[in-house]
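Q: no sequence on this one, just coordinates:
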């Protein structure tokens, strides 16, 4: 086979691959209409103050496929997607959003890895359905108006590395189940109304580097199991009602 024939054969393969990529491989621009519709439903439940910050969240079609119009959230404010077009990040820090998580599309965002709704006016409860976000590595709901308990279902977020819930109105105790989140490196719960004892299960968090639980109403003694947190670098437990001795195991 001469060089010109070989070149033509290679170019034909390249053209075929290009067509395959265009028509077969899903593109981010129109790959997640279900996620878009679910997010729009949550937006519609929010207060009027949220309209301007989420103005890019519109049902305007991004691309027409045959007779169907599909919508993608990937270009919306605060939204990031993976190459397949699935939502993997929601970052609405300081977006002036006001409302609850009652209509938040937990079940539609199975690929979500990063969620930051901090510095807003989100109120109500942190719902048990948060366990559906099983791929979360980062969760920040701080500086809002959340009430009630930290749901025990948070233990299902086994990939979670960072948990920030500070400056809310959360009460109840720190759930024992938090000790099942073995990848946690940072837990920040200060300035809430948490009470009860510090759970000994925190000793299971061998990767934890920073723990902030000050300015709550925690009581009882410091569990000696905390000495098992061998990577702990920062520990703030002041302004509580702790009693007893500082356990010698903290020397570990």
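A: Cool, the structure landed. No experiment lies behind these values; they were computed from the predicted model shown.
Q: what count of nearby residues applies to residue 210?
A: Residue neighbour count, defined by other CB atoms under 10 Å, stands at 16 for residue 210. In this view, the C-beta of every residue, glycine as well, is placed from N, C-alpha and C.
Q: so it sits against residue 184, correct?
A: No. Assessed by CB atoms under 8 Å, residue 210 is found out of contact with residue 184, at 9.7 Å.
Q: what sits against residue 206?
A: Contact analysis of residue 206 by CB atoms under 8 Å, 6 or more residues apart in numbering lists 182, 228-231.
Q: hmm, 10 Å instead?
A: 182-184, 228-232 (CB atoms under 10 Å, 6 or more residues apart in numbering).
Q: most neighbours among those, which one?
A: Those, ranked by neighbours (other CB under 10 Å): first place residue 184, 23 neighbours.
Q: that one against residue 211, yeah?
A: Yes. Counting by CB atoms under 10 Å, residue 184 does reach residue 211; the two are 9.2 Å apart.
Q: joint contacts of these two?
A: 202, 205.
Q: quick revisit: pick the one among the contacts of residue 206 closest to residue 112.
A: residue 183 (16.2 Å; CB to CB).
Q: any idea how far residue 145 is from that closest one?
A: Separation of residue 183 from residue 145 (CB to CB, to the nearest Å): 28 Å.
Q: grab the nearest non-local neighbour of residue 116.
A: residue 140 (4.3 Å; CB to CB, 6 or more residues apart in numbering).
Q: give the bridge partners for the one you found, please.
A: residue 116, residue 164 (DSSP bridges).
Q: enumerate every residue touching the closest residue to residue 189 other than its chain neighbours.
A: Closest residue in space to residue 189, ignoring its immediate chain neighbours: residue 213 at 5.0 Å, by CB to CB, 6+ apart. With contacts defined as CB under 10 Å, 6+ apart, the neighbours of residue 213 are 166, 174, 187-192, 194, 198, 202, 235-240, 242.
Q: am I right that residue 38 is in contact with residue 32?
A: Yes. Under the criterion of CB under 10 Å, residue 38 makes contact with residue 32 at 9.5 Å.
Q: now for those two: what residues contact both?
A: With CB under 10 Å, 6+ apart, residue 38 and residue 32 have common neighbours 73, 87, 108-109.
Q: what's the separation between the residue nearest to residue 116 and residue 93?
A: 7 Å.
Q: ok, now residue 240?
A: 28 Å.
Q: more neighbours: those two, which one.
A: Neighbours per residue (other CB under 10 Å) separate residue 240 from residue 93, with residue 240 holding more: 18 against 14.
Q: gap between the more buried one and residue 157?
A: Taken as CB to CB, the span from residue 240 to residue 157 is 25 Å.
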